[in-house]
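**Q** I would like to see how this sequence folds:
(one chain, ligands or ions: 1)
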Amino acid sequence: MTHLVLVGMMGVGKSTVGRLVAAELDRPLFDSDEMIEERTGRTVREIWATDGEAAFRELETDTLIEALAAPEPSVIAAAGGVVLSDVNRTALRSTDARVVWLLADLAVLVDRVRAGGHRPLLDEDPEGALRRLYDVREPLYHEVADAVVSVDNRSAHDVAKAVLRCCA
Ligand code: S3P
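**A** As a prediction, the model looks like this:
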C-alpha cells in the first residue's frame, strides 16, 4: 500500500477525482492547494499576488514532501505545477508512490477552467496559457507518471473508477 498521487493540468479534475478515489479507498486526501491555504490562512491568489510565484512554489514543494512522508497511505491531488521543480519530480520518483497523470484535450480544459479563483496563470488568454503550459509540462508529467488516465468524455466517477482499476 503506497500513496496514490494525481498529477495533471489545471482543470483536469485532480481534486474532484482525488476526493472520489480517497473515499473509495477510505484514505485521507491531501490536496496541495488546500493544504497551502489552510497552513498560511491565505488564498493561493493572495500568496501569488503578495509574495510571487516563486514563494508559492516553495510552499507547493513543502506540502508535497510532507504529504509523501505521511506514514498512512493517502491520495494526493498535486497542483498542476508540481512537476516544474526538480526536487518535486525526484521526490515523486524516489518514493514508491503510484503517480497517475490525468490527461485531457486542451479543448476540455479550456471548457472547464474559469477565470479568477486559484489560477492566476489563466487570468489572461486562458486557452493560450494552457497550451503554452502544456507544451512545457507534458514531458515532465511523462517523466513522473506510472500510468496515464484520459478524462475526455468521462465523468469524474468514471475517471475515478479507471484510476482505481489501474493503480490502487
Ligand atoms: C497551478 C495550478 C493550480 C494552482 C496555481 C498554479 C499551475 O492548481 O496551484 O494556480 O501552475 O498549474 P490546480 O492544478 O489544482 O488548478
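**Q** list the buried residues of the helix-or-strand element of the chain with minimal mean pLDDT.
**A** Sorting the helices and strands of the chain by mean pLDDT, DSSP states H and E puts helix 106-112 at the bottom, at a mean of 90. Going by neighbour count (16 or more other C-beta atoms under 10 Å), the buried part of helix 106-112 is 108-110. All C-beta spots, glycine's among them, are computed from the backbone N, C-alpha and C.
**Q** packing partners for that helix?
**A** With contacts taken as 3 or more C-beta pairs under 8 Å, 6 or more residues apart in numbering; DSSP states H and E, helix 106-112 sits against helix 126-144.
**Q** paired strands for the helix or strand just after the helix it packs on, with orientation please.
**A** Heading C-terminal from helix 126-144, the first helix or strand you meet, by DSSP states H and E, is strand 147-150. The strands beside strand 147-150 in its sheet (DSSP bridges) come out as strand 98-103 (parallel).
**Q** who are the contact partners of the residue lying farthest from the centre of the chain?
**A** Farthest-out residue of the chain from its mean C-alpha position, per C-alpha atoms, centre = their mean: residue 50, at 22.7 Å. By C-beta atoms under 8 Å, 6 or more residues apart in numbering, the contact list for residue 50 reads residue 42.
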